[in-house]
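A.B. asks: Provide a 3D model corresponding to the input given below.
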Amino acid sequence: MSELKAADLQAPPSIASLQTRALGIGLVGLVASAAGYFNDPKAFTESYLLAFIYWIAFPLGSLGLMMVHHLSGGGWGMPVRRIFEASARTIPFMAILGLPVILGMHHLYEWTDAAKVAADPILQMKAPYLNVPFFLARYVLYFVIWTGLAYTLSGWSRAQDTSYAPGSERKFRLLSGPGILLYAVASTFAVVDWLMSLDPHWFSTIFGLLFLIQQALAAMGFVLLLMATLSKSAPLGKYVKAENIHDYGKFLLCFVMVWAYFSFSQFLIIWSANLPEEIPWYLDRMTHGWEWFSILLIVGQFFLPFFLLLSRDLKRAIGRLAIVGALVLLMRYVDFYWNVMPALHHETPMPHWTNFATVIGLGGVWVSLFAWQYQGPPVLPIGDPYLPEALSSHGAH
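C.D. replies: Predicted structure coming up:
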């Protein structure tokens, strides 16, 4: 169907080098994290939950954007589709890496303590949902849904490279339609389980949507960092155009704006209602030093990237755009820290050293897993019938 050959589109040697270096860094971080566990199991578990939530946003966001591409089409997705696929294929490994959270959940969730449940009428009312067996069953179900979608779609995509059947691309859309709904529902319930239940007296109907946009920000920020290298060398350097980079910049701007909209909407609704079961969540984040994290998020996650991304020239320069992507990824960690830690430590925002060890350890392992998956198939979906049009005209299909 085209002159593109798999042998000419293999991942560059830098990916193999990335896999090795990331794994080494990750193992060092995990060893340090293990030392932290023996020193302070509670601090370790809290830090590990934060690191787990931060890094799982990358493959989940990639899965969501991959399905968006299958549903909407467009030349923008062709250069990064295999990045999304490789990232999404790390999801089952994240299920294993999340086990320390499961094993240490009594350090995190007060609803796991029978004595506290017996003394709290609200926890008693929520006990049919917030109980350990059901929590574990849901954990398994979430990863079954995400893994099934990721491996089915990426498996079809890889199979296209060697055995394309006319019309087979339609099945991607048929699965991605209901698939994106399943993905969104599973992600919403997951963030309720893993984060919102840290403070089981609080609730927000927009919290799941915030997690979805946080995933998209993480995935797009990672794409920009990776493309800053891959688009300047073979083989992708030949096919990635300034128009593609411009599209990724526009996506990032869109996600930044949606994050700000959802965040402000949640704050405005809760603050104006002033209900005793809702308002303490924000009060905890406006006192004892946490207000500085709130200000940092407003400036670093919205105002600064928003005004930078208004520049057309910046959105077409991958080097400068990648710097904005790196800022967004840094703010992603600040955002999750701001969401998680005040529920566990009202009195101080000072991080524990295990916060750094766990995020480095888990991150190194995840990046290594991604690099391993990315090295398998060609870096472009050569079996996709729309690829030649996307590469030649940057048009939508």
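
A.B. asks: residues contacting residue 312?
C.D. replies: residue 246 (Cβ atoms under 8 Å, 6 or more residues apart in numbering). The C-beta positions use only the backbone N, C-alpha and C, and glycine is treated the same way.

A.B. asks: report pLDDT for residue 330.
C.D. replies: If you check residue 330, the pLDDT there is 98.

A.B. asks: check which residues of stretch 185-199 are buried.
C.D. replies: By 16 or more other Cβ atoms under 10 Å, the buried positions in stretch 185-199 come out as 186-199.

A.B. asks: element containing the residue nearest to the spatial centre of the chain?
C.D. replies: The chain has residue 57 as the residue nearest its centroid, 1.7 Å off, counting by Cα atoms, centre = their mean. For residue 57, the element it lies in under DSSP states H and E is helix 41-72.

A.B. asks: pLDDT averaged over that helix - what is it?
C.D. replies: Here the average pLDDT along helix 41-72 is 97.

A.B. asks: which helix or strand lies directly C-terminal to that helix?
C.D. replies: helix 78-88.

A.B. asks: now that following helix against helix 41-72, angle please.
C.D. replies: Put simply, helix 78-88 runs at 140 degrees to helix 41-72, going by axes from the mean of the first three to the mean of the last three Cα atoms, to 10 degrees.

A.B. asks: what is helix 78-88 packed up against?
C.D. replies: helix 41-72, helix 132-160, helix 207-230, helix 353-374, helix 387-393 (3 or more Cβ pairs under 8 Å, 6 or more residues apart in numbering; DSSP states H and E).

A.B. asks: show me which of the buried residues of stretch 185-199 is closest to residue 242.
C.D. replies: When the buried residues of stretch 185-199 are compared for distance to residue 242 (Cβ to Cβ), residue 187 wins out at 32.8 Å.

A.B. asks: in this structure that closest one contacts residue 214, no?
C.D. replies: No: contact criterion Cβ atoms under 8 Å: residue 187 and residue 214 do not qualify, at 9.7 Å.

A.B. asks: on that earlier part again, out of the buried residues of stretch 185-199, which are inside strands?
C.D. replies: Nothing among those maps onto strands, per DSSP state E.

A.B. asks: closest to residue 297 among the residues you listed?
C.D. replies: Relative to residue 297, and with distances defined as Cβ to Cβ, the nearest of those is residue 195, at 15.7 Å.

A.B. asks: tell me the contacts of the closest one?
C.D. replies: Contacts of residue 195 by Cβ under 8 Å, 6+ apart are 53, 207, 211, 339, 340.

A.B. asks: could you redo the last one with a cut-off of 7 Å?
C.D. replies: 53, 339, 340 (Cβ atoms under 7 Å, 6 or more residues apart in numbering).

A.B. asks: one more: residue 142?
C.D. replies: 186, 190.

A.B. asks: try 10 Å
C.D. replies: By Cβ atoms under 10 Å, 6 or more residues apart in numbering, the contact list for residue 142 reads 56, 60, 91, 95, 98, 183, 185-187, 189-190, 193-194.

A.B. asks: for the chain, give me the ranges with low pLDDT.
C.D. replies: Flagging of the chain using pLDDT under 70 yields the residue ranges 1-3, 393-397.
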